[in-house]
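Q: starting from these lines, generate the structure:
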Amino acid sequence: MRDPTIGAAMGDRREARFEALYAATYEPILGYVLRRCPSPDDAADVVAETFTIAWRRLDDIPPGDTARLWLYGVARRVLANHWRGEAQRRRRTTSLRHDLRDEIAAVAADPVEASAIAEAFRDLSDDDRELLGLVAWEGLDHAAVAAVLGCSAGAARVRLHRARKRFSRALRSARSESMAMGPHVPSANGAP
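A: Coordinates of the predicted model:
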């Protein structure tokens, strides 16, 4: 049988080693990252990720001043991942902006329809909105939706089918209400 105090002592030594490493290297690593990252918030994220990796790989970190050099290497790779992610986000944003331009123009051409769609979507339950959003906005397929929801692909397919039916009914209802109210045309003095 293992002595629990041995494990606790090892954990204490591990924590003490990490705390000493952090105290000795935090400022140099922060400076390194800040000189390469224009956003202080992004720099804080990079430094946090660097030290998270250091904690997980504490046994791999060399002793002495070489530890700081090892952390520079980790920070360099975390920064590279950060920049790749930023570039990917910019590409996606640009792509989405182009994709949505035509859709926005179509919706703007018919504000009554846009209003009906928004009303129908607002009337759905939170679960239905989330499910439809995962498919429509995030572009997830049934398997990915299932992973997000923690259910089988078949269950995700059924939930999506039901959510679409409820949205379709809500949209028909919202369109009917919009048609019954007629177009809103302000009077000459601006009053409704």
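Q: contacts, neighbours, all on C-alpha from now
A: Fine.
Q: where does the protein dip in pLDDT?
A: In the predicted model, the chain carries pLDDT under 70 at residues 1-11, 96-109, 181-192.
Q: so what's the residue count around L21?
A: 22 (other Cα atoms under 10 Å).
Q: please identify the helix or strand for it.
A: Applying DSSP states H and E as the criterion places L21 in helix 4-34.
Q: G85 too?
A: Using DSSP H and E, G85 sits within helix 66-109.
Q: moving C-terminal of the helix holding L21, what's the next helix or strand?
A: Following helix 4-34 in sequence, per DSSP H and E, is helix 40-56.
Q: put the alpha carbons of that following helix into CSV.
A: Extracted in CSV, the C-alpha atoms of helix 40-56 (Å, rounded to 0.1, in the frame of the first residue of the first chain):
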residue,chain,number,x,y,z
PRO,A,40,-1.7,43.2,-24.1
ASP,A,41,-4.8,40.9,-23.8
ASP,A,42,-3.4,38.6,-26.5
ALA,A,43,0.0,38.7,-24.8
ALA,A,44,-1.5,37.8,-21.5
ASP,A,45,-3.2,34.8,-23.2
VAL,A,46,0.1,33.7,-24.8
VAL,A,47,2.0,34.0,-21.5
ALA,A,48,-0.8,32.0,-19.7
GLU,A,49,-0.7,29.3,-22.3
THR,A,50,3.1,29.2,-22.1
PHE,A,51,3.0,28.6,-18.4
THR,A,52,0.2,26.1,-18.7
ILE,A,53,2.4,24.1,-21.0
ALA,A,54,5.3,24.5,-18.5
TRP,A,55,3.1,23.1,-15.7
ARG,A,56,2.1,20.1,-17.8
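Q: list the buried residues in that helix.
A: Buried residues in helix 40-56, counting neighbours by 16 or more other Cα atoms under 10 Å, are found at 43, 46-51, 54-55.
Q: residues near H142, how many?
A: H142: 19 neighbours (other Cα under 10 Å).
Q: no further questions, thank you.
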